[in-house]
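Participant: Provided below are the primary sequence and the corresponding predicted coordinates.
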Amino acid sequence: MAKYDSQLDHIFAALADPTRRAILDRLSRGPATTSELAAPHDIAMPTLLAHLTKLESASLITSTKVGRVRTYARSDAAFVPVQDWLGHQSDLWTRRLDQFDSYAIQLAKDLANGT
């Protein structure tokens, strides 16, 4: 898991903003130009470009430029470290809750037996 620490920091920082999450949601339907991504947001173009830069620096999106048109696409492979980390956390907490459940059942049995 240690190899993902820095990468996870960048990804989670990028995902922390609702505008960036909305951009990723839009890109989940397919590539889009800068103008298409800007349309639903009431923000200045430099602000939108800053969001796109943050997402691209976290490797969550990629961009290509043809002439004057820049097109962005979601990079689904970038979500693998997050999925791995979340899966590890889920497994960890499932084990802990199972242990707690076993402890609580044993404690209830001991109390019922007067021990």
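Facilitator: That came through, no problem. Since the structure is predicted, the reported quantities are computational estimates derived from the model, not experimental observations.

Participant: Neighbours of His10, how many?
Facilitator: By other CB atoms under 10 Å, the residues close to His10 number 17. For the C-beta atoms, the positions are set from N, CA and C on the backbone; glycine is no exception.

Participant: Which residue is the nearest non-sequential neighbour of it?
Facilitator: Ala58 (4.3 Å; CB to CB, 6 or more residues apart in numbering).

Participant: my guess is the one you found meets Asp9, correct?
Facilitator: No. Between Ala58 and Asp9 there is no contact under CB atoms under 8 Å: 9.1 Å.

Participant: Looking at these two, which is more packed in?
Facilitator: Ala58 (20 against 11).

Participant: what separates Met45 from His51, distance-wise?
Facilitator: The gap separating Met45 from His51 is 11 Å, by CB to CB, to the nearest Å.

Participant: neighbour-wise, which of those two wins?
Facilitator: Applying other CB under 10 Å to Met45 and His51 shows that His51 carries more neighbours, namely 19 against 11.

Participant: Let me know the distance separating the residue nearest to His10 from Ser90.
Facilitator: From Ala58 over to Ser90 (counting by CB to CB), the distance is 22 Å.

Participant: quick one, longest helix in this protein?
Facilitator: Looking across the chain with DSSP state H, the single longest helix is helix 80-112.

Participant: Now do the buried residues in that helix.
Facilitator: By neighbour count on 16 or more other CB atoms under 10 Å, the buried set for helix 80-112 is 81-82, 85.

Participant: And stretch 61-72, by the same measure?
Facilitator: Quick answer for stretch 61-72 (16+ other CB under 10 Å): 61, 72.
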